[in-house]
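In: pasted the sequence and its predicted model underneath.
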Amino acid sequence: MANIAFIGLGNMGGPMAGNLAKAGHAVTGFDLVAANNEAAKARNVCIAENARAAVKDADLVITMLPAGKHVLAVYEDIMAVTKNGALLIDSSTIDVDSARAAHMLADKAGLQSLDAPVSGGVGGAEAATLTFMCGGTDDAFARGKPIIEAMGKKIVHCGGAGAGQAAKICNNMILGISMIAVGEAFVLGEKLGLTHQALFDVASTASGQCWSLTTYCPVPGPVPNSPANRDYQPGFAAALMLKDLLLSQEASKSSGATTPLGQHAADLYQAFAAAGNDGKDFSGIVNFLRAGLK
Ligand code: NAD
C-alpha cells in the first residue's frame, strides 16, 4: 500500500481520495477550503496543514484542481519537498500547454509524472468508475495504473506528456458539437411535423446515430434516463462543457489546427451559459436552439 498525497479535495477530489483510502492506502490531503478538508476527514483522509506538508512523505502525489494555473502553482510549491522517486499524477482538466509545463517541472526535479484527466463526473468519482486518460512515459503509466485502479474502471494510456489532456478535449469537442447537431435536428423535425419518437427511431439506427442521441437524448421521452427527463439537472453541466470547449479552442490555436465547428460550439455554449444555464445539463442547449438565437 502506498503513501499518497491528494491536493484538491473538491467535488471530484474528495470522493477520489476517499476511494484511495478505502483501498487501504494512507492518504494525506489538503484543500484551501476548510469544509472540503472536513468532508475528506470523514472519508478517512488525513489532513495536512498545507500542500508541502501533505506531500512530504508521499510516494505518489495526486492533484485535482480547477485549472492549469492552479496545478502549476502547486507543482512549483511542492517540488522542492517532494520525495525522490515520487510519481506525480495530475487528474485536473487543464490546457495541454500547462499539462506539458507541469511534466517539465517534474522532469527538472527528476520526478516521473502523468497527466490523467477523467470523465464520469461526480457520480463516477463516488463509485470509482471514472475513465482516466493518461499521458506520460510507459514507466510512469505502469507505476500509476495500479493506484488509479482504486478510483476508476477504464484507464487508457494515450501517449506521451499531455496526451491525456489532448484525448479528453478532443473527445469533448466531438460531444459538444454532436449535441448541438442532435438538438438542431430535433428542432427542425418539430417544425416539419415529425414526432421526437419518429426521428429517434430512424436516426438512432441510421447514419445519424451517436452517443448524444442514443444515450443522452436531449428531448424527453425516447431515452427515459437522459437529463431531459428530469428538467436538465446534470449530468454534465453546461459550465463544464464550455470549459472543455474553450480548452479545445486554446489547443487549436496553439497547435495550428483548424476546428471551425469546435469554435462555433464554444460560442453557442458561451451564449447558453451566459443566459443563466451554466448549472443546467449541457443537453439543455436544445431548448436554447428552439427558442431561436437572438
Ligand atoms: P472543485 O472546484 O469542486 O474542486 C477543486 C478544488 O481545488 C477546490 O476545492 C479548491 O479549493 C481546491 N484548490 C484550488 N487551489 C488549491 C491549492 N492551491 N491547494 C489546495 N487546493 C486547492 O472542482 P471539481 O468539480 O472537483 O473538478 C476538479 C477538476 O476536475 C477540474 O479541473 C474539472 O474540470 C475536472 N472535472 C470535473 C468533473 C465534474 O463533473 N465535476 C468531471 C470531470 C473533470
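Out: Okay, I see it.
In: quick one: contacts for E76?
Out: L105 (C-beta atoms under 8 Å, 6 or more residues apart in numbering). Yep, even glycine has a C-beta here, placed from its N, CA and C like the rest.
In: the helix or strand containing it vs the ligand: in contact?
Out: Using DSSP states H and E, E76 sits in helix 68-78. Yes. Shown here: helix 68-78 in contact with the ligand (C-beta under 6 Å from any ligand atom) through H70, A73, V74.
In: pull that helix out as CSV, backbone CA atoms only.
Out: This file holds the C-alpha atoms of helix 68-78, laid out as CSV (Å, rounded to 0.1, in the frame of the first residue of the first chain):
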residue,chain,number,x,y,z
GLY,A,68,-3.7,24.9,-15.3
LYS,A,69,-2.6,27.9,-13.2
HIS,A,70,-3.5,26.1,-10.0
VAL,A,71,-1.7,23.0,-11.0
LEU,A,72,1.5,24.9,-11.9
ALA,A,73,1.4,26.9,-8.7
VAL,A,74,1.0,23.8,-6.6
TYR,A,75,3.8,22.0,-8.6
GLU,A,76,6.1,24.9,-8.1
ASP,A,77,5.3,25.0,-4.4
ILE,A,78,5.8,21.3,-3.7
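In: what's the closest non-adjacent residue to C158?
Out: Nearest residue to C158, sequence neighbours excluded (C-beta to C-beta, 6 or more residues apart in numbering): A167, at 4.4 Å.
In: that older thread, which among the residues of helix 68-78 next to the ligand end up buried?
Out: H70, V74 (16 or more other C-beta atoms under 10 Å).
In: make JSON lines out of the residues of helix 68-78 next to the ligand and add pLDDT.
Out: Conversion of the residues of helix 68-78 next to the ligand to JSON lines gives the following (pLDDT from 0 to 100):
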{"residue": "H70", "pLDDT": "97"}
{"residue": "A73", "pLDDT": "98"}
{"residue": "V74", "pLDDT": "98"}
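In: now the element after the host helix or strand of the residue nearest to C158, going C-ward?
Out: According to DSSP H and E, A167 maps onto helix 163-191. Next along the chain after helix 163-191, taking DSSP H and E as the criterion, comes helix 196-203.
In: hey, C-alpha coordinates of that next one in PDB?
Out: Taking C-alpha atoms only, helix 196-203 is exported to PDB below (Å, rounded to 0.1, in the frame of the first residue of the first chain):
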ATOM      1  CA  HIS A 196     -39.400  13.100 -31.400                       C
ATOM      2  CA  GLN A 197     -40.000   9.400 -31.200                       C
ATOM      3  CA  ALA A 198     -40.200   9.000 -35.000                       C
ATOM      4  CA  LEU A 199     -36.900  10.900 -35.500                       C
ATOM      5  CA  PHE A 200     -35.300   8.900 -32.700                       C
ATOM      6  CA  ASP A 201     -36.500   5.600 -34.200                       C
ATOM      7  CA  VAL A 202     -35.000   6.400 -37.600                       C
ATOM      8  CA  ALA A 203     -31.800   8.300 -36.600                       C
END
